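Trainee: Predicted structure and sequence below. I'll ask about it afterward.
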Amino acid sequence: MFLRLLLGSLIRRKDRALLCLASLTTACALAGAMVHVAADSEAKARHELRAYGANLTLVPRAAPTAGALPAAGLTGAEVAAFRRLAGPRLQASSGARYLVARAGEQPVALGGIDWRAAPRLFPYWRWDSGGWPTQPDECALGTRAAAALRSQVGSRLKLKGPAGNQQFRVAAILRAGDAADGQVFVALEAAQRLAAGNEVTVVLATVHGDARAVEGLAREVEAALPGVRAEPARPLAAAEAALLPRLRGLMLAVCVLVFAIAGLTAASTLAGAVLDRQREMALMKALGAEDGAVARLFAVEAVLLGVVAGLLGAGLGLLGAQALMHGLFGLDATFRPLVVPLSLALGICAAAVAAWLPACRVARLEPSTALRSE
Amino acid sequence: MALVEIENLRKVYPGSVVALADLMLVVEEGEWVAITGPSGSGKSTLLHLLAAMDRPTSGALCVAGLDLGALGPRERARYRRETVGLVFQQYHVIPYLTVLENVMLAQYYHSMPDAVEAQTALEKVGLGYLARRLPSQLSGGELQRVCIARALINHPPLLLADEPTGNLDAANEEIVLDLFDTLHAAGHTLVVVTHDESVAGRAHRRLRLEHGALASDVRQTPAGAARQIPAGASAGG
C-alpha cells in the first residue's frame, strides 16, 4: 500500500511531480555546472592568458634589456639547444629577425618570423583584411605601416635590405595594438636573406605551465647557454599570479551562492507542494495513520524525486558547463565524476529537508484543523 | 451499555470562541443519534472530538472506555483506526488512488490491506463495479458510498458522519439513509450531524445543540412518534 500511495501520487499526479522534479533538477544542474566550471576555470584562465602570446623571450646576453633592438644575434645552434632543453614544455617558438629595410625611399621596420609558429605566438593579432601568409614571397603589414606605404592586400611591395632586395605580395593587414602595427612581417628566411645572416634577433616562445614553470625554464636556459638571456614575460606572470587565486575564490563563492539559491528555490517549491496536500495528510490521520507514518510517506516521495533530479541534474549540469565553457573560453568542459554524487546529495538533501519539515508540521496538526481549512 | 460518555465537555477555540459549553451526554451501544442545530452550535466540533480529530479544552470524553482527552498522539491514532469510522460531507478521498485502494487505505492503517474484503465492502454499498475507477470519475453520491464502505471496512463500533447527505440529491440521499438503516439494524452505533430534517427523522434519537449546549434530546420511535427527555438529564438510560 505504501508503494501504491507513492507511485499513485507520482504517476497519477504527473503535473505536480514534474514541477517539483523540474525545480530540483534545475538546482542540481546549476550546482553541477558551477562545480564543473569552477574546477576548470583555473586551467582555462591559464589557457586564456596564453592567448596574450609568447611568455618567454630569448635575446643575446649582450643585448640591451629594453628599447632598441639588439645588434648581436642568436645562432642557429643556440636556438636548437634551447628547443632541446625545453622539450615538451615548449608549446611554440620562433626565431625572429628584425632589421630596418627600405620600401622605395621610405625606411620600414621589418620582422622575419616563422609563419607556422606565429598563430600560437601572436594569437591576439587581428586581421583588417587577408590572413596569415602561406607563401615565402608574401608579407603582412601592420595597419600603420600599410597606411604609410599606401598598400593593401594584393599590392606588391619591394623591400631592400643590406644584402639585397625582394618583391613581396601583401597577404594581410594586421592589427595588434602594439609596435607590430608599424612593422612589416615576412618569412624568417626572407628576412635573413635581406640581412645577409642566419642569426636571429630574438627567440619568442610559448611555454606550458604557470609563471613558476616559465621562470624555472628561463633559469635553466641561462645556465646552459651563457650567451643567452632568457626573460619571462613578467606582466603576464604577474597577471597570472594575481588573477588565479582571486578567480579560485570567486568561483568558490559563486558555487556556494548557486548551491544555496538553487537549493532554497527547489525547497520552497517542494514545501509548497507538501503544504498543498495537507488535506490528504489530515485524511490519512483521520483514518488512523500516525504522524511519523504520514511525514515519512511525503519525505520518501520527495527523496525519490531528489534521486531522479540529482541524476538528471548531473547530466544537464555537464551540458550546461559545456555551453558555459564554450561561451566563455571556447573550450570543452572536463567531466568530473565527483559531480554525480554531489548532485545526488544536493537533490536528496534539498528534497528531504524541503519535504520533511512541512510534512512534520502538517502531520502534527489536528486532522480537524486541516480538513476544516479546506 | 454506554458507548459514549460525556461529562462537562468544553471546547474553546483561540479567540475565546466557545464551541461546546459543559456538555453532558451518554450514547448507548447500537443507538442511531442525529445531532441537529444551527450553524455554529457546536455539532461538528462535537463530532470531531468524538473522532479524536481534535482535543477538548476540559471535561471528560470517554468512548468505549477510553478517555480521549488523556490519550497521546499514538493512542489517538490507534483509537481512530480501531474504534471509529468517519464519513465527511465533502467525501474526502485520496484523489490518486482508485476507489478500491481508497477503501484498502483504511485497512492498511488498521492492519493489512485485503483487496477481496475491500471489494465486498464496495459491493455492499452497490459500487463493486466501480472499484478500479479513480474518484474523479465518480458522482458525489457514489463517492459518499465509497466513504461509507471505507468507514465500515474495519468494523468500528462507532460510525460518525458529518452532514453525510449535505451534497447529495434526493435519490442518493435515500440510498445513503437506507445504508444507515441497514447498519443500525446490524447493531452499529451511529452519530450523524445533520441540518436535514429527513435525515434527522430517520434517527432513533435526536439531539439539538444551541450555543454549544444541549437544547433538546428526543427519542423517536420508528413510526415517528417522539418522547421528550428534559435537556441536561440525558443520561442515556
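Mentor: Done, it's in.
Trainee: how about the residues of chain B that lie near chain A?
Mentor: B:48, B:51, B:53-55, B:73-74, B:77-78, B:80-82, B:86, B:88, B:90, B:92-97, B:101, B:104-106, B:108-110, B:113, B:134, B:150 (Cβ under 8 Å from any Cβ of the partner chain). To be clear about C-beta, it is placed using only N, CA and C from the backbone, and glycine gets the same treatment.
Trainee: Now the buried members of those.
Mentor: The neighbour count (16 or more other Cβ atoms under 10 Å in any protein chain shown) marks B:48, B:51, B:53-54, B:77-78, B:80-82, B:86, B:88, B:90, B:92-97, B:101, B:104-106, B:108-110, B:113, B:134, B:150 as buried among the residues of chain B next to chain A.
Trainee: list the contacts for residue 179?
Mentor: All of this is about chain A. A:A109 (Cβ atoms under 8 Å, 6 or more residues apart in numbering or on different chains).
Trainee: look at chain B instead
Mentor: Neighbouring residues of B:L179 by Cβ under 8 Å, 6+ apart: B:V125, B:R145, B:I148.
Trainee: Inside helices: which ones of those?
Mentor: The helices, defined by DSSP state H, take in B:R145, B:I148 from those.
Trainee: mind putting the contacts of B:L179 in TSV, pLDDT, distance to A:N55 and neighbour count included?
Mentor: Formatted as TSV, the contacts of B:L179 follow (pLDDT from 0 to 100; distance: Cβ to Cβ, whole Å; neighbours: other Cβ atoms under 10 Å in any protein chain shown):
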residue	pLDDT	distance to A:N55	neighbour count
B:V125	81	86	21
B:R145	85	84	26
B:I148	85	85	26
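Trainee: now A:R120: how far from A:H208?
Mentor: Distance of A:R120 to A:H208, given as Cβ to Cβ, to the nearest Å: 12 Å.
Trainee: and the strand or helix carrying B:L122, what does it pack onto?
Mentor: Element membership for B:L122, per DSSP states H and E: helix B:115-124. Contacts defined by 3 or more Cβ pairs under 8 Å, 6 or more residues apart in numbering or on different chains; DSSP states H and E place helix B:115-124 against helix B:99-110, helix B:140-152.
Trainee: Repeat the analysis, applying 10 Å as the threshold.
Mentor: Secondary-structure packing of helix B:115-124 (3 or more Cβ pairs under 10 Å, 6 or more residues apart in numbering or on different chains; DSSP states H and E): helix B:99-110, helix B:140-152, helix B:170-185.
Trainee: Just the pLDDT for the nearest residue to B:L97 once chain neighbours are set aside.
Mentor: Excluding its sequence neighbours, the residue lying closest to B:L97 (Cβ to Cβ, 6 or more residues apart in numbering or on different chains) is A:G8, at 5.2 Å. pLDDT, A:G8: 74.
Trainee: again, but for A:V153
Mentor: pLDDT recorded at A:V153 is 91.
Trainee: Check the one 4 residues further on too.
Mentor: A:L157 carries a pLDDT value of 90.
Trainee: quick one: B:E75 and B:L68 touch, right?
Mentor: Yes - shown here, B:E75 and B:L68 form a contact pair, counting by Cβ atoms under 10 Å, at 9.0 Å.
Trainee: overlap in contacts of these two?
Mentor: Residues touching both B:E75 and B:L68 (Cβ atoms under 10 Å, 6 or more residues apart in numbering or on different chains) are B:A52.
Trainee: sorry, back to before: if we only consider the contacts of B:L179, which is nearest to chain A?
Mentor: Lowest distance from chain A to these (Cβ to the nearest Cβ) belongs to B:I148, with 13.7 Å.
Trainee: I'd say the closest one and B:N102 touch.
Mentor: No - taking contacts as Cβ under 10 Å, B:I148 lies outside contact range of B:N102: 11.8 Å.
Trainee: What does the most centrally placed residue in chain B show for phi and psi?
Mentor: For chain B, B:L160 is the residue whose C-alpha lies nearest the centre (Cα atoms, centre = their mean; 0.9 Å). Main-chain torsions, B:L160, degrees, to the nearest 10: phi -110, psi 130.
Trainee: Spit out the contact partners of B:L9.
Mentor: Contacts of B:L9 by Cβ under 10 Å, 6+ apart are B:20-25, B:42, B:45-46, B:49-50, B:56-61, B:68-69, B:212.
Trainee: at 7 Å what do you get?
Mentor: B:L9 makes contact with B:L20, B:L23, B:P56, B:G59, B:L61, according to Cβ atoms under 7 Å, 6 or more residues apart in numbering or on different chains.
Trainee: Checking the second one next. Helix, strand or coil?
Mentor: State at B:L23, reduced to three classes by DSSP: H, G, I helix; E, B strand; the rest coil: strand.
Trainee: where does the nearest residue to it once chain neighbours are set aside land on pLDDT?
Mentor: Distance criterion Cβ to Cβ, 6+ apart; nearest residue to B:L23, sequence neighbours excluded, is B:L9 at 4.3 Å. According to the prediction, B:L9 has pLDDT 92.
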